[in-house]
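Asks: Can you look at this prediction? I've put the sequence above it.
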Amino acid sequence: MSFIDLHCHSTASDGTLPPAEVVRLASKSGLTAMSLTDHDTVAGQAQAAAEATALGIDFVTGIEISAEHPRPGTLHMLGYGVDPSSTVLTSLTEKLIDARGDRNPRIVERLNEVGVAVTMDEWKTQADGGVLGRPQLAAILLRKGYVSSIKNAFEKYLGEGGLAYFDKERLTSRRAIEMIRQSGGVAVLAHPVQLRKENFAQLETTIKQLVDEGLAGVEVIHSDHDELTVRELTRMAEKYRLLKTGGSDFHGGNKPTIGLGIANGRRVPREWFDLLLEKVRSA
């Protein structure tokens, strides 16, 4: 069998490897197909696609978009096969990045207020030209000795409930799905376990609602999914005739325990990429 990874991140958002380097790692890992799914941006797609072509790896464009959802859960939508030059997608990413631009100085200001010496310039340098994400800021706090780990940085300062946490603007799930489809792509629910439903019945209800809004697939295999979750999501995908996708959610050094192409000990079969590509081409 051959294997794939449909969920990974680069320095275009909050990963630590440049897009082309993520593709090179995929090649070294023996993957035959992949998608780069950076948060709120398609800035790394051209570089990744060119490297994939050079290395003989099949590639489908991707993006990961945050959508509204009741706390403490989070809802992320993966868009596959989107056209990076789409005016709809360009407008969306500009809006989301502008929202980050409004939020980020507030985070830095609050950190300064609680005794953490960090600047926007340091954050921009850490991002190395990519979208400014909290994992980059967490890396600065770790380097300066304010926290003991990236995880500790989120728990103490940057995550929900942290001393310097500010929420960001989000689309409704319906709008996120709609904009992905208008950009030529198909919408897939990322890591459903992060919706933090109390049981699988509640999770299925939410997935059914998203199907009614135009959802095309569900991420069955993910680094946060245990065997029971994979089994239940497989059942739901088959029940609602959804695509099954999977990926590691690789971020490089920002999530050092997660390797590209491996999701909680599981690999994603090549067949899922081929079925996804069929859906993209017919979208």
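Replies: That came in fine, so what should we check first? Numbers count the residues shown, from 1 in each chain.
Asks: thought residue 170 was touching residue 70?
Replies: No: the pair residue 170 / residue 70 is not scored as a contact, 11.8 Å apart, by Cβ atoms under 8 Å. Yep, even glycine has a C-beta here, placed from its N, CA and C like the rest.
Asks: Comparing the two, which residue is more hemmed in?
Replies: Ranked by neighbour count (other Cβ atoms under 10 Å), residue 170 and residue 70 place residue 170 first, with 18 against 9.
Asks: so what's the more buried one up against?
Replies: Residue 170 is in contact with 66, 67, 68, counting by Cβ atoms under 8 Å, 6 or more residues apart in numbering.
Asks: would you turn those into JSON lines with secondary structure?
Replies: JSON lines is the format used below for the contacts of residue 170 (DSSP: H, G, I helix; E, B strand; the rest coil):
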{"residue": "66", "secondary structure": "strand"}
{"residue": "67", "secondary structure": "strand"}
{"residue": "68", "secondary structure": "coil"}
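Asks: Selection in ChimeraX covering whichever of these are buried, please.
Replies: Buried subset of the contacts of residue 170, written as a ChimeraX selection, criterion 16 or more other Cβ atoms under 10 Å:
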select :66,67
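Asks: ok, the contacts of residue 170 vs residue 99, which is closest?
Replies: Checking the contacts of residue 170 against residue 99 by Cβ to Cβ gives residue 66 as the nearest, at 10.0 Å.
Asks: Confirm for me that the closest one is in contact with residue 75.
Replies: Yes: the criterion here is Cβ under 8 Å, and residue 66 meets it with residue 75 at 7.3 Å.
Asks: before we move on, the earlier item: in CSV: the contacts of residue 170, plus pLDDT.
Replies: Shown next, in CSV, are the contacts of residue 170 (pLDDT from 0 to 100):
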residue, pLDDT
66, 91
67, 94
68, 92
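Asks: Tell me which stretches of the stretch 101-250 of the chain form strands.
Replies: Ranges of strands within the stretch 101-250 of the chain are 186-189, 217-222, 243-247, based on DSSP state E, counting those that start in this stretch.
Asks: List the contacts of the second one.
Replies: The set of residues that contact strand 217-222 without belonging to it, under Cβ under 8 Å, 6+ apart, is 6-7, 78, 186-193, 207, 230, 233-234, 236-237, 242-249, 263-264, 266-268, 276, 279.
Asks: what residues go with each domain of this protein?
Replies: Following automatic domain parsing, one gets these domains for the chain: 3-92+169-282, 101-158.
Asks: Centre of the chain to the longest helix that the chain contains, how far?
Replies: Assignment by DSSP state H gives helix 87-113 as the longest helix of the chain. Relative to its chain's centre, helix 87-113 lies at 17 Å (Cα atoms, centre = their mean, to the nearest Å).
Asks: How about the contacts made by the closest residue to residue 71 other than its chain neighbours?
Replies: Nearest residue to residue 71 in three dimensions, chain neighbours excluded: residue 160, at 6.9 Å (Cβ to Cβ, 6 or more residues apart in numbering). Counting by Cβ under 8 Å, 6+ apart, residue 160 makes contact with 71, 72, 167.
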